[in-house]
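Everything below, folded, please.
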Amino acid sequence: MSKKIKVLFICQHNSGRSQIAEAYLKKFYGDEFEIESAGFEPAPEINPLVVRVMKEVGIDLSQKKPQGVFELFQHGKIYEHVITVCQDTESKCPIFPGITKRWHWPFPDPAAVQGSEEKKLQAVRKIRDMIKEWLLNPPDNTLNFKALIKNKI
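This next block holds a predicted model:
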């Protein structure tokens, strides 16, 4: 069996977008990739709305804990692909050693949704589904996980 491709998703607090992306990529391609997520300023817990909407699709994030990107960097972690999923964090991403390709996929922040509980859930479901769609059917000229698997030696 060939080596797994290492992927890191990064967002500000590692409590929403990066957790969703990590969970979906593990679900769809976990046998082919080693996947982690982290944040620049890790939150104490994953956003409860994110936990709820992911549970709706059969993914339990209730026991996951946010982690810091700089701790991973300091521990010498190396990734082939580093993907920032926030609109404001691409320039803050540390330069990881090794052969790393950097990607920026901006998604709205689940923590910023407003309104009634149901309106917030609807908004977070939309973000969840946007991330899933991007992972399964990425736009041209961006990282395509299916193609990586197909071209892997």
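
Distance check, A123 against N137.
Look at A123 and N137: by Cβ to Cβ, to the nearest Å, they are 21 Å apart. Heads up, the C-betas are built off the backbone N, CA and C, glycines and all.

just checking, what's the longest helix in the chain?
Once the chain is assigned using DSSP state H, the helix that runs over the most residues is helix 117-136.

How about the contacts made by the residue nearest to P108 when sequence neighbours are not counted?
The spatial neighbour of P108 that comes closest, neighbours along the chain excluded (Cβ to Cβ, 6 or more residues apart in numbering), is I127 at 5.5 Å. I127 makes contact with G16, R17, I20, F107, P108, P110, according to Cβ atoms under 8 Å, 6 or more residues apart in numbering.

Neighbours of the fifth one, how many?
Spelled out, it's P108. 16 (other Cβ atoms under 10 Å).

Could you do R17 as well?
32.

wait, it sits on M130?
No - taking contacts as Cβ atoms under 8 Å, R17 lies outside contact range of M130: 9.4 Å.

what is in contact with the two at once?
Counting by Cβ under 8 Å, 6+ apart, the residues touching both R17 and M130 are F107.

circling back: just the buried residues of the longest helix of the chain, please?
K120, L121, A123, V124, R125, I127, R128, I131, K132, W134, L135 (16 or more other Cβ atoms under 10 Å).

Export stretch 53-60 to PDB, keeping only CA atoms.
Provided in PDB are the C-alpha atoms of stretch 53-60 (Å, rounded to 0.1, in the frame of the first residue of the first chain):
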ATOM      1  CA  VAL A  53     -25.700  19.700  11.700                       C
ATOM      2  CA  MET A  54     -22.900  17.200  11.300                       C
ATOM      3  CA  LYS A  55     -24.800  14.700  13.500                       C
ATOM      4  CA  GLU A  56     -27.700  15.100  11.000                       C
ATOM      5  CA  VAL A  57     -25.500  13.500   8.300                       C
ATOM      6  CA  GLY A  58     -24.200  10.800  10.600                       C
ATOM      7  CA  ILE A  59     -20.900  12.400  11.700                       C
ATOM      8  CA  ASP A  60     -20.300  12.800  15.400                       C
END
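
and it, how far out from the chain's middle?
15 Å (Cα atoms, centre = their mean, to the nearest Å).

Make 51 the starting number, not 1.
Renumbered: residue one is now 51, and that last one reads stretch 103-110.

pLDDT on it, on average?
On average, the pLDDT along stretch 103-110 is 98.
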